[in-house]
Structures are given as structure tokens and as C-alpha cells.
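1. sequence and predicted structure below; questions after.
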Amino acid sequence: MSFSDLFDSEFKQRNKGHFSAIVRVALADGVVAPEEKNFLDKLATKLEISASEYEEILDNPTKYPINPPYLYTQRLERLYDLARMVHVDHHLGDKQEMMLKKIGVGLGFTPSNINYIITKALSLVDKKVDYDTFAYEMQNMYK
């Protein structure tokens, strides 16, 4: 196996892990709303998830582990996607919020301030900010 094949393989696994985490949040309330399905469809394309992988992940979203990114900016990008998934149907259930917090910790955010991080992320997504604004505000939330 060449080095580039190894990189491609790891990249695909990370994308599958990220996508499966978002599917878990979507399924936390027991139903994938049409808005959530549309979001998942777009995200699957962005993350290069094939149709068969998509179905496999929908059937068993816990099959792929959450691979926390090393870089904080990549963690924010994943948090942004997760928060948008929760917000897309404009209904945050208790199970979705709990799942979002668990996945946030799994992404590498500190358990002691995960409530604040999730509240801030959801607030920004509610304001329909773009990713750059989201990242800026999240990185500067303690200043």
C-alpha cells in the first residue's frame, strides 16, 4: 500500500466517523425529519460518502468511531456541522442535546465547559452565521 493510499484510507475513515456522528444526532429523537435528510444528503456528498456507505451508516451509525481531530479548527468545523444538524429541523430535543454534548466531548472539547460550548455553538447557528464567523466567535468566546 502506498503512502497516498494510506492517507486516502484514513481520510475516508475520518469522514465516515464524522458523518456517523451527525447521523447519531439526527437519529437521537428517533426520526430523521425531511430537513435533516436533506442536510445529510448534502453532507454525504461533501464528505465523499458513497450511497452504499450512506445506507450502511444510517443502518448502524455507531459502527464508525468518532475520531477527534488534532487541530482545534477542525474540531470547530465538525462542531459547526453537528450544530447545524441539530438546528436544521428547528427542534432541539433533550436526546439530541445530550448526544451533541457527548459527541462534543468525543471531539476533544473539555467536559467541564461542554455545556457552554454547545450553548454558544447553537446560539451562533441559530443566528445563521457562516463557518468563518462561527470559528471566530468560538475561538474568542473567552475573551
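-> Perfect, thanks for sending it. Just so it is clear, the model here is predicted, and its values are computed rather than measured. Numbers count the residues shown, from 1 in each chain.

2. the most centrally placed residue in the chain and I103, how far apart?
-> Of all residues in the chain, the one closest to the mean position by CA atoms, centre = their mean is L82, 3.3 Å from it. As defined by CB to CB, to the nearest Å, L82 lies at a distance of 6 Å from I103. In short, each C-beta sits where N, CA and C put it, glycine included.

3. likewise for M141?
-> Between M141 and I103 the distance, using CB to CB, works out to 19 Å.

4. the two - which one has more neighbours?
-> I103 (24 against 13; other CB atoms under 10 Å).

5. just the element for that one, please.
-> helix 94-106 (DSSP states H and E).

6. that helix: which residues count as buried?
-> Across helix 94-106, burial judged by 16 or more other CB atoms under 10 Å covers Q96, E97, M99, L100, K101, K102, I103, G104, V105.

7. one more: stretch 102-121?
-> Those would be K102, I103, G104, V105, L107, G108, F109, I114, I117, I118, K120, A121, for stretch 102-121 by 16+ other CB under 10 Å.

8. now swap in stretch 23-39 and tell me
-> In stretch 23-39, counting by 16+ other CB under 10 Å, buried: V23, R24, V25, A26, L27, A28, D29, E36, F39.

9. need the contact list for the residue nearest to the second one when sequence neighbours are not counted.
-> The spatially closest residue to R24, leaving aside those adjacent along the chain, is P61, at 4.7 Å (CB to CB, 6 or more residues apart in numbering). Residues counted as contacts of P61 (CB atoms under 8 Å, 6 or more residues apart in numbering) are S20, A21, V23, R24, L27.

10. repeat that with 6 Å
-> Contacts were defined as CB atoms under 6 Å, 6 or more residues apart in numbering; by that measure P61 touches S20, V23, R24.

11. so how far is I66 from the second one?
-> V23 is 12 Å from I66, where distance means CB to CB.

12. helices of this structure, residue ranges please.
-> 3-27, 34-46, 51-59, 72-88, 94-106, 114-126, 131-139 (DSSP state H).

13. what angle do the helix or strand of the chain with the lowest mean pLDDT and helix 51-59 make?
-> The weakest-scoring helix or strand in the chain, judged by mean pLDDT, DSSP states H and E, is helix 3-27 (a mean of 71). Orientation of helix 3-27 against helix 51-59 (axes from the mean of the first three to the mean of the last three CA atoms, to 10 degrees) gives an angle of 40 degrees.
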